[in-house]
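> sequence first, predicted model second:
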Amino acid sequence: MPSLLDRRKGFRPQKKKLSQQALQTAVVGEQQGWQILRLNHDGRGVAKNVNGKTVFVTNALPGESVRIRIDQNHSRFDEATAVEVLKASAQRTEPFCPHYQSCGGCQLQHLHYAEQMNYKEQVLREQLDHYSALKNVTFSAPVSCAQQQQGYRRRARLSIPAPNSAAPYLGFRGKGSQRVVAIEQCAVLHPLLNALIKPLQDLIAHFPKRHTLGHVELQLNEHNEQNTVTIIIRTLKPFLPNERELIEEFAAQHGCDVIADYGDSVEVLHAHSAAPLELGYKLKQAQLTFGFNEFVQVNPFVNQAMIDQALDWLNLSGNEYVLELFAGFGNFSIPLAQSTKAVVAVEVASAQVQRGQQNAAANGCRNLEFLQADLSQPFRQFPFGQKPVDVLFLDPPRAGALEVVEDLSTIQPSRILYVSCNPATLARDIATMVEQGYSLEKICVMDMFAHTSHTEAMALLHRNP
């Protein structure tokens, strides 16, 4: 049964019926308090019930004693939420977002920011211990968000609930749930994006065909001297004439571009900028252009710091030949080309290859060549995988770059710079490179997504003599 505290907070019992053992465990836990042992990889506290079963507890920190609500019962573990903190950790802090307890966008706002960096470093360290013989690795200082913890995201996707919901709204998925949590503000979004959430909710409320809408994406466009916002509305069907009028009025009032994405085609509903399908952002080294539906690093502050650190770690002389894989549209490629003799940048998506070529030309990088290739295929079948290079630069997706690094005997890079968004595949790939005669020289975590459990990292390896 839910506790009195749960009922006061409007707790609704889960539809899935818990076993008698789980109910008994929940009652015992509420009476005695649960001891949190550590944080797991997704930022939840780890506890053990009286039978030794693992319980993952949202909103709980190591060393705390908490009362919990069992949310889901599984055969090997349970999932729960801390409804009351009986003994708080010294690292606990007050979340700055009013939606934090229900919204699933952030997982670590209740943990002091400096400790978030320690937690992410520990996540990476555990993966290194698991996948490799590397023990007691010394970490370099993290690339952190300490100076810009809020207002850093330049892109966000907001969900729209089912048409039978009580009222139309925008929001993010709830913690451990597919339910859309209504929000009117998001403190980690760039202020220009944050300011549009409530007006967009009011706009959507006037759409009678709301069941055809998928989600709304907000994107900061830094292509011009004055930042603007691009709004992408995913929808199954074209908008009606009266809906188009409402969108036009909204876009004119807020000075933004609005694009309808129908899946197989797009339509510009309102053009505030001269080229609404061309977005951009600035680096210290370059001005880059990209498409509205292409991958972009969401944190401009950490992105620039990441580029600067990569160049610093590589300590380039200007005479290197660089092979960059998973290059995108040139985020690293252009700064690398400006500091080396030649760069071959390889990307899977042909649209990004074309975009990269345009960015290279616009920034005067004649020593930069973009190529398209499926990097999930055997690496040595491609011409660029058949000749030695000085530096191998990797920035793969979450699946990592195992197909590339499992045989480096042909390209024989003296240095490898690896940027990762997944500690597990990074650790696996580092172990593979170490087996081939490389040593880990430097490694650090990078906080691209402050206040979340998402961990990015950078590693530098060199070939042993």
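The structure has been received and is ready for your questions. Residues are numbered from 1 along each chain as shown.
> what about Ser376, neighbour count?
For Ser376, the number of neighbouring residues by other C-beta atoms under 10 Å comes to 12. The way it works is simple: take the backbone N, C-alpha and C, and place the C-beta from them, glycine included.
> leaving out sequence neighbours, find the closest residue to it.
Counting by C-beta to C-beta, 6 or more residues apart in numbering, Glu403 is the residue found nearest to Ser376 once chain neighbours are left out, at 5.8 Å.
> any idea of the pLDDT on that neighbour?
Looking at Glu403, its pLDDT is 92.
> what packs against whichever strand or helix holds Asp202?
Assigning secondary structure by DSSP states H and E places Asp202 in helix 197-204. For helix 197-204, the contact count by 3 or more C-beta pairs under 8 Å, 6 or more residues apart in numbering; DSSP states H and E identifies strand 213-221, helix 241-254 as packing neighbours.
> re the thing from before, now do the SS call for the residue nearest to Ser376.
When the structure is split into helix, strand and coil by DSSP: H, G, I helix; E, B strand; the rest coil, Glu403 lands in helix.
> thought it was touching Gln377?
Yes: with contact taken as C-beta atoms under 8 Å, Glu403 and Gln377 are classed as touching, separated by 7.2 Å.
> ok now the helix or strand where Val181 lies, how far from the chain's centre?
According to DSSP H and E, Val181 maps onto strand 180-182. Once both centres are worked out by C-alpha atoms, centre = their mean, to the nearest Å, strand 180-182 turns out to sit 20 Å from its chain's centre.
> would you mind telling me which of the helices and strands packed on helix 197-204 is nearest Ile416?
Nearest to Ile416 among those is strand 213-221 (32.3 Å), distances taken as C-beta to C-beta.
> so for that closest one, what gets flagged as buried?
Buried residues in strand 213-221, defined by neighbour count with 16 or more other C-beta atoms under 10 Å: Leu213, Val216, Glu217, Leu218, Gln219, Leu220, Asn221.
> output that strand as CSV, nothing but the C-alphas.
Once side chains and other backbone atoms are set aside, the C-alpha atoms of strand 213-221 remain, and they are given as CSV (Å, rounded to 0.1, in the frame of the first residue of the first chain):
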residue,chain,number,x,y,z
LEU,A,213,1.7,16.1,-34.7
GLY,A,214,4.8,14.1,-33.7
HIS,A,215,7.1,16.4,-31.7
VAL,A,216,8.6,19.9,-31.9
GLU,A,217,12.3,20.5,-32.1
LEU,A,218,13.9,23.8,-31.2
GLN,A,219,17.3,24.7,-32.7
LEU,A,220,19.5,27.7,-32.1
ASN,A,221,20.7,29.2,-35.3
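> and the gap between Ile443 and Val389?
22 Å (C-beta to C-beta, to the nearest Å).
> same check, this time on Tyr131
If you measure Tyr131 against Val389 using C-beta to C-beta, the figure is 25 Å.
> helices of this protein, residue ranges please.
Per DSSP state H, the chain carries helices over the ranges 4-8, 20-32, 113-131, 191-194, 197-204, 241-254, 300-314, 333-337, 350-362, 402-405, 423-435.
> quick one: buried residues of the third one?
This means helix 113-131. Per 16+ other C-beta under 10 Å, helix 113-131 contains these buried residues: 113, 115-117, 119-128, 131.
> again with the last one
By neighbour count with 16+ other C-beta under 10 Å, helix 423-435 contains the buried residues Pro423, Ala424, Thr425, Leu426, Ala427, Arg428, Asp429, Ile430, Ala431, Thr432, Met433, Val434.
> my read: the fourth one touches Tyr418, true?
Yes: counting by C-beta under 8 Å, Leu426 sits close enough to Tyr418 to count as a contact (6.5 Å).
> list the residues that contact Asn194.
Gly151, Gln185, Cys186, Ala187 (C-beta atoms under 8 Å, 6 or more residues apart in numbering).
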